[in-house]
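K.L.:
structure for the following, please:
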Amino acid sequence: MRKERLVFDGSLLWIYNLYRDTIKAQGLYFEKLKELVPGFNAIDNSTDFDYNVRCNLDDVVLYLFPNNKMWSMGNEEGFKRCFDSVAQNFTGLPRDYLLSRIMNRANTLGLSVP
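P.N.:
Numbering: from 1, shown residues only. Here you go, the predicted model:
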């Protein structure tokens, strides 16, 4: 049986963001975003992990973890929170991609990484 290729065109994320206030009023916004995570985690082929997927993944992470300041960490504690959020919620290629971004950002900021 041939495995079907996963495609992330960003439509759901775009719709969720377009109607964010309405969805938030119903208390469903973060739940809807969390529902996208298993789809990202299911990507196991690097050719499927394209620019479009990376951009959508970056957006989902930004909205799911706003209090962790994913891409604007300022100290080692911020680094740890970002790292732990990704490590606990993502697997495979998405996890590797996000952790490498966090490590690169920490290196750029001159943070001490344990």
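K.L.:
can you tell me what sits against stretch 26-42?
P.N.:
Residues outside stretch 26-42 that contact it (Cβ atoms under 8 Å, 6 or more residues apart in numbering) are 6, 8, 12-13, 16, 20, 23, 53, 56-57, 60, 63-64, 89-92, 94-95. (Each C-beta comes from the backbone N, C-alpha and C, glycine too.)
K.L.:
give me the mean pLDDT for that stretch.
P.N.:
The pLDDT scores in stretch 26-42 average 87.
K.L.:
which residues of the protein fall in helices?
P.N.:
Using DSSP state H, the helices of the chain run over residues 11-18, 20-25, 29-41, 51-64, 76-89, 92-109.
K.L.:
buried residues, the shortest one. List them.
P.N.:
Within helix 20-25, the residues that qualify as buried are residue 23, counting by 16 or more other Cβ atoms under 10 Å.
K.L.:
now that helix: how far from the chain's centre is it?
P.N.:
20 Å (Cα atoms, centre = their mean, to the nearest Å).
K.L.:
helices or strands up against it?
P.N.:
Judged by 3 or more Cβ pairs under 8 Å, 6 or more residues apart in numbering; DSSP states H and E, the packing partners of helix 20-25 are helix 29-41.
K.L.:
buried stuff in the helix it packs on?
P.N.:
Result for helix 29-41 [16+ other Cβ under 10 Å]: buried residues 29, 32-33, 36-37, 39-40.
K.L.:
in JSON lines: these, plus distance to residue 83.
P.N.:
Shown next, in JSON lines, are these (distance: Cβ to Cβ, whole Å):
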{"residue": "29", "distance to residue 83": "24"}
{"residue": "32", "distance to residue 83": "25"}
{"residue": "33", "distance to residue 83": "20"}
{"residue": "36", "distance to residue 83": "21"}
{"residue": "37", "distance to residue 83": "17"}
{"residue": "39", "distance to residue 83": "22"}
{"residue": "40", "distance to residue 83": "17"}
